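Novice: need coordinates for the following:
(one chain, ligands or ions: 1)
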Amino acid sequence: MSHHTVTIENSGETFRCADDVNVLIAMEKAVCKGIPVGCRNGGCGACKVQILSGDYAVRKMNRAVVSAEDEAQGVVLACKVFPRGDVSLRALGRAWKPA
Ligand code: FES
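Specialist: Residues are numbered from 1 along each chain as shown. Prediction:
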């Protein structure tokens, strides 16, 4: 197992994420708040982010909240994404407010 650094560009937070832990859970464990938390299971879209750089793997997401076109632009659900290298992302969820 390896660990990677995840950066949330719009909050400036960084945290470490193992490659078998989804980004949302790793963020919560690191007591970061830059990505809104909802169902934690790929259904609600609260944790939607756009990956700006870095490799990642993604599990099944609700197409009602992330379309295939979105996914092609790097838009994914943080609770369904697993880093495969250092990743930089931007939170898109509605609940996020600038500090
Ligand atoms: S928290 Fe609901 S989709 Fe990720």
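Novice: only C-alpha atoms for contact and neighbour calcs from this point on.
Specialist: Will do.
Novice: from the ligand, how far out is the residue nearest the centre of the chain?
Specialist: Nearest to the mean C-alpha position of the chain, by C-alpha atoms, centre = their mean, lies residue 78 at 2.6 Å. Computed as C-alpha to the nearest ligand atom, to the nearest Å, the residue 78 to the ligand distance reads 6 Å.
Novice: for residue 11, same thing?
Specialist: 18 Å.
Novice: still on that earlier bit, tell me the predicted confidence for the residue nearest to the centre of the chain.
Specialist: For residue 78, the pLDDT comes out at 98.
Novice: pull the longest helix from this structure.
Specialist: helix 23-29 (DSSP state H).
Novice: separation between residue 41 and residue 12?
Specialist: Distance of residue 41 to residue 12, computed by C-alpha to C-alpha, to the nearest Å: 25 Å.
Novice: same question for residue 2.
Specialist: 23 Å.
Novice: also residue 86?
Specialist: Taken as C-alpha to C-alpha, the span from residue 86 to residue 12 is 15 Å.
Novice: these two: who's more crowded?
Specialist: Ranked by neighbour count (other C-alpha atoms under 10 Å), residue 86 and residue 12 place residue 86 first, with 16 against 9.
Novice: for that one, list the residues it contacts.
Specialist: Contacts for residue 86 were tallied using C-alpha atoms under 8 Å, 6 or more residues apart in numbering; they are 4-6, 54-55.
Novice: pull the number of nearby residues for residue 29.
Specialist: As a burial measure, residue 29 scores 12 neighbours (other C-alpha under 10 Å).
Novice: same thing with the one 10 residues further on?
Specialist: Residue 39: 11 surrounding residues under other C-alpha under 10 Å.
Novice: helix, strand or coil: sort out it for me.
Specialist: Following DSSP: H, G, I helix; E, B strand; the rest coil, residue 39 is assigned to coil.
Novice: what's near enough to touch it?
Specialist: residue 46.
Novice: now residue 38
Specialist: Residues near residue 38 by C-alpha under 8 Å, 6+ apart: 44-47.
Novice: farthest-apart pair in these, please.
Specialist: Spatial extent of those (C-alpha to C-alpha) is set by the pair 44 and 47 at 8.0 Å.
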